[in-house]
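Novice: Please work out how this folds:
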Amino acid sequence: MSFMKKLGDALNKAGEKAGEFADYASDKANVMATQTKYKMEQQKLKGKIPTLYKELGEKIYLAMKDDLGHDVLTATVEDYTNQLDTINAEILELDKKIEEAARSVEDDVVEVQENVEQKVDQVVDQVKEDGEQKVEAVQENVEQKFGEVQENTEQFKSDAQQKVEDLTQSAQESVEEVKENLENKF
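Specialist: The predicted model follows:
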């Protein structure tokens, strides 16, 4: 597989992880909306508390004023206490839901960030490795070509020396021949 193809594949995988991170970010927005809904429910419940205290105070006052007796007063206080306890329990339950939603998304975001970082590290490592392999291959090729050039240079020198020797010998033979011709003529 070519270097560019591997790099492209690795970057695509990293892009997919980034897409997953975007999905988690979207989930985070949904969780925030859910948290806001829970907080609004809490505020609504908390808004009922002062009204219940006021009503309880009025009931106690009327029970005491009209001398309705201890049993009526106790039943009234228990009824309002139960209502207040129920509201406080619901508020605590909503707090737990808000915290769970936040923890869930935070855990997911951390996991996705770790996955993306891991993929990016893998891509970087793969690119480095592929780059190093390419550099090694180029270096080997250069060394091979340099060796071939040296061999060719040596062969050229050898061939050139042989030609010079051949030409020198041929020239000497020609000089000898000319000398002989001149001696024979004179």
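Novice: Tell me the helices and strands packed up against the helix or strand hosting A137.
Specialist: Applying DSSP states H and E as the criterion places A137 in helix 70-185. With contacts taken as 3 or more CB pairs under 8 Å, 6 or more residues apart in numbering; DSSP states H and E, helix 70-185 sits against helix 3-65. C-betas here are computed from N, CA, C, even on glycine.
Novice: Please state the mean pLDDT value computed over the helix it packs on.
Specialist: Averaged across helix 3-65, pLDDT comes to 78.
Novice: Likewise for stretch 134-143?
Specialist: Here the average pLDDT along stretch 134-143 is 90.
Novice: now stretch 70-86
Specialist: 93.
Novice: Any buried residues in it, and which?
Specialist: 73, 76, 80 (16 or more other CB atoms under 10 Å).
Novice: How about the contacts made by the first one?
Specialist: Right, the one you point to is L73. 60, 63-64 (CB atoms under 8 Å, 6 or more residues apart in numbering).
Novice: any idea which of those residues has the most stuff around it?
Specialist: Highest neighbour count within the contacts of L73: A63, with 19 neighbours (other CB atoms under 10 Å).
Novice: Once you drop chain neighbours, what's closest to that residue?
Specialist: L73 (4.5 Å; CB to CB, 6 or more residues apart in numbering).
Novice: Tell me how far that neighbour lies from N88.
Specialist: 22 Å (CB to CB, to the nearest Å).
Novice: Q118 now?
Specialist: 45 Å.
Novice: pLDDT wise, what is the residue nearest the centre of the chain at?
Specialist: Centroid check for the chain by CA atoms, centre = their mean gives V116 as the closest residue, at 2.3 Å. With respect to pLDDT, V116 has a value of 83.
Novice: Reformat the contacts of L73 as JSON lines; add distance to A171.
Specialist: As requested, the contacts of L73 are exported to JSON lines (distance: CB to CB, whole Å):
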{"residue": "I60", "distance to A171": "140"}
{"residue": "A63", "distance to A171": "145"}
{"residue": "M64", "distance to A171": "146"}
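Novice: picking up where we left off before, which one of the buried residues of stretch 70-86 is nearest to Q42?
Specialist: The closest of the buried residues of stretch 70-86 to Q42 turns out to be Y80 (CB to CB; 19.9 Å).
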